[in-house]
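Novice: The sequence and its predicted three-dimensional model are supplied below.
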Amino acid sequence: MAAFAACLLAPCAPAGAEPEATHYIDSSAFVPERLLPPPPAAGSARDKRELDEVRRIIAAASPERLEQARWDGAHENASAYNAVVGRDLATLPQTAALLDIVTEETEGVVVVAKDHFARLRPYGADPTLPHCGKKDATAAPRSYPSGHASIGYALAWTLVRLMPDRAPAILARADDYAMSRAVCGVHYLSDLEAGHVVGTLVAERLLADPRLAARIAAARTELSTH
């Protein structure tokens, strides 16, 4: 968390870091090994404990919770928050445009971290594990951080800043959305925690970017009048 706080104030990477596919985010502030602690080593005691946690979460999930997890997995976008904000966010052009930027910038950061850490997904570590993710081998070593959790928390924090009166419901939905990835058997809890850090940090950087100030103001006005 100390590294997280430091990254809010200054870039956390050495000079010469290669830029990634982001348009507003300075990729030098998001070098994976400076942004996040490494995940547990494969086969370590902690790794095994985390896999047992996923097994328990799956075993305790009701059919309704599993169905929600599947829906969440298929909707890696702002529609996950429609119910808690009381609006179809896709129908609000200013808000949708801003949230699309948040999503795309977060994806640009996450893909680099996933490639760097290359953590095997739970169902890769235990092929017998029930899961609702893709079964292709290329998806397996991309567990840390969770992309869904990162995007979910980035969108949530953006919406909280736009609609502070709905903050408790939005943040609760973000936690539930992230937990769906463990219910689905495609992420460990530490993947979700890492996604929380990434998503919040990306959102904070974007919300403080003067190039987005007009878009943020337009989205806030739009949400207050619809």
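Specialist: Perfect, I can see it now.
Novice: what's the nearest residue to residue 141 if we skip its chain neighbours?
Specialist: residue 118 (4.6 Å; CB to CB, 6 or more residues apart in numbering). Bear in mind the C-beta positions are built from the backbone N, C-alpha and C, glycine included.
Novice: cool, and residue 179?
Specialist: Residue nearest to residue 179 in three dimensions, not counting chain neighbours: residue 192, with 6.9 Å by CB to CB, 6+ apart.
Novice: repeat for residue 147
Specialist: Excluding its sequence neighbours, the residue lying closest to residue 147 (CB to CB, 6+ apart) is residue 110, at 4.8 Å.
Novice: again with residue 156
Specialist: Spatial nearest neighbour of residue 156, chain neighbours left out: residue 174 (3.6 Å); criterion: CB to CB, 6+ apart.
Novice: Please identify the helix or strand for that neighbour.
Specialist: Using DSSP states H and E, residue 174 sits within helix 167-183.
Novice: Give me the distance between that helix and the centre of its chain.
Specialist: Distance of helix 167-183 from the chain centroid (CA atoms, centre = their mean, to the nearest Å) equals 10 Å.
Novice: same check, this time on stretch 34-43
Specialist: Distance, stretch centre to chain centre, for stretch 34-43: 17 Å (CA atoms, centre = their mean).
Novice: Check which residues of that stretch are buried.
Specialist: 34, 35, 36, 39, 40 (16 or more other CB atoms under 10 Å).
Novice: Mind pulling up the pLDDT for residue 3?
Specialist: Here, the pLDDT recorded for residue 3 equals 42.
Novice: Quick check, the residue nearest to residue 141 in contact with residue 140.
Specialist: No. The pair residue 118 / residue 140 is not scored as a contact, 9.6 Å apart, by CB atoms under 8 Å.
Novice: Ignoring the adjacent residues along the chain, who's closest to residue 97?
Specialist: Closest residue in space to residue 97, ignoring its immediate chain neighbours: residue 215 at 6.6 Å, by CB to CB, 6+ apart.
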